[in-house]
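Trainee: Structure, please.
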Amino acid sequence: MDGFGEIGVFVRVVEARSFTRAGQVLRLTASGVSRIVARLEARLGVRLLERTTRSIGLTVDGAQYYERCIRILRELEDANLALAHAHTAPRGRLRVDAPTSLSRYVIAGALPRFLEKYPEISVELSVRDHLIDPIAEGIDVVVRVADLRESELVHKKLGTMRFVVVGAPRYLARRGRPQQPADLRAHDLLGFLTSSGVLPWRFRTKDGEMSFTPAGRLLSNDRDALVEATLKGFGLSAFLALHVSDAIRERRLEVVLADHEMPGRPIYALYTRDKARLPKVRVFLSFLDECFRGADGAPAPSPRVVASARSKQRANDAGR
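Mentor: Numbering: from 1, shown residues only. This next block holds a predicted model:
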């Protein structure tokens, strides 16, 4: 029996917690299964299982080896599916990891349509905002909003999330509406904290890039806290438009400086080259393309809303 066969037997024993039950599944005798595992341990030079008269458990080395074996067998299963079903209907379990905001506002709502279209695919969607190792965790597709520099993974750009500066109507009525980025110096700016400090606001102007570092009464790494403070009129904030699209649509927040571009953040799907050959991954990447087509964030305010806001601003200016 080759190394892969020994790994398969070892995994089956761990899952069955018994040489006898594993042998029944594998159509081998319990003693035969035990000999195969013992041969694997001898070849590796470590003990993988703790054996007692009543049960079988993993050693520390065995637990680590088991996790790696599971990933190897999943990769082998995917490779077999890719070859066997390259020209047939996509099928199998698809493991996807996405950040909270993209899952909530874009992916999750469209997933039922994907599942209905591909009835032989099942999806495991994990939602996390931190970086992960998709190879180590057996993830098929990772979706991230990031500026990619170096990556061993294949990446497919899905779109760009744009930033917007927003304020509550009550704040804008009290403090006025900035017309140029330079006007922000006279406003309370609520800022997002990162591990390297407060995230600056950048604008592209005809004279080059202009940058502001918020120094308002609230700085936080909790986006929800910043949204809540902005809604209550404590200052202006800059968000990816997706995060405040509902509040803008409901006019609880208004976009300011809409004519002044803030550099956006690209959205990527990340996967290994081997995964790209799997039919289930190919159709999911096409699905993501559809999801993010035009989903750059909140819709631009209508001309009527913009005109109304500017009329209010002129009236406020005249009254000063």
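
Trainee: what about the helices in the stretch 151-300 of the chain?
Mentor: 169-175, 223-231, 245-249, 279-292 (DSSP state H, counting those that start in this stretch).

Trainee: Mind checking these for the one nearest to R47?
Mentor: helix 279-292 (37.7 Å; Cβ to Cβ). From N, CA and C alone the C-beta is placed, and that goes for glycine too.

Trainee: Put the alpha carbons of the closest one into PDB.
Mentor: The C-alpha coordinates for helix 279-292 follow below in PDB (Å, rounded to 0.1, in the frame of the first residue of the first chain):
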ATOM      1  CA  PRO A 279     -15.800  23.400 -12.400                       C
ATOM      2  CA  LYS A 280     -17.400  24.400  -9.100                       C
ATOM      3  CA  VAL A 281     -14.800  27.200  -8.700                       C
ATOM      4  CA  ARG A 282     -15.100  28.400 -12.300                       C
ATOM      5  CA  VAL A 283     -18.800  28.900 -12.100                       C
ATOM      6  CA  PHE A 284     -18.500  30.600  -8.700                       C
ATOM      7  CA  LEU A 285     -16.000  33.100 -10.100                       C
ATOM      8  CA  SER A 286     -18.500  33.900 -12.800                       C
ATOM      9  CA  PHE A 287     -21.200  34.300 -10.200                       C
ATOM     10  CA  LEU A 288     -18.900  36.700  -8.300                       C
ATOM     11  CA  ASP A 289     -18.400  38.700 -11.500                       C
ATOM     12  CA  GLU A 290     -22.200  39.100 -11.700                       C
ATOM     13  CA  CYS A 291     -22.500  40.000  -8.000                       C
ATOM     14  CA  PHE A 292     -19.900  42.800  -8.100                       C
END
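
Trainee: And stretch 174-182, end to end?
Mentor: 19 Å (Cα to Cα, to the nearest Å).

Trainee: from the middle of its chain, how far away would it be?
Mentor: Distance of stretch 174-182 from its chain centroid, counting by Cα atoms, centre = their mean, to the nearest Å, is 34 Å.

Trainee: buried stuff in that stretch?
Mentor: 175-178, 181 (16 or more other Cβ atoms under 10 Å).

Trainee: Point out where the stretch 51-200 of the chain drops to low pLDDT.
Mentor: The stretch 51-200 of the chain contains residues with pLDDT under 70 at 81-88, 148-151.

Trainee: For it, which segments are assigned as strands?
Mentor: Secondary structure of the stretch 51-200 of the chain, counting by DSSP state E, counting those that start in this stretch: strands at 56-58, 92-98, 121-127, 141-145, 154-161, 163-167, 189-194, 197-198.

Trainee: Name every strand pairing with the third one and say which way it goes.
Mentor: I take that to be strand 121-127. In the sheet, strand 121-127 lines up against strand 92-98 (parallel) (DSSP bridges).

Trainee: Just give the closest residue to the residue sitting nearest the centre point of the chain, not the sequence neighbours.
Mentor: Using Cα atoms, centre = their mean, the residue of the chain that lies closest to the mean C-alpha position is A98, 2.1 Å off. Closest residue to A98 apart from its sequence neighbours, by Cβ to Cβ, 6 or more residues apart in numbering: V143 at 4.2 Å.

Trainee: give me the number of residues near that neighbour?
Mentor: Here the number of neighbours of V143 (other Cβ atoms under 10 Å) works out to 24.

Trainee: What sits closest to Y66 if chain neighbours are left out?
Mentor: Y66 sits nearest to V14 (Cβ to Cβ, 6+ apart), 5.4 Å away.

Trainee: For that neighbour, pull up the helix or strand it's in.
Mentor: Using DSSP states H and E, V14 maps to helix 3-16.

Trainee: Cool, thanks, signing off.
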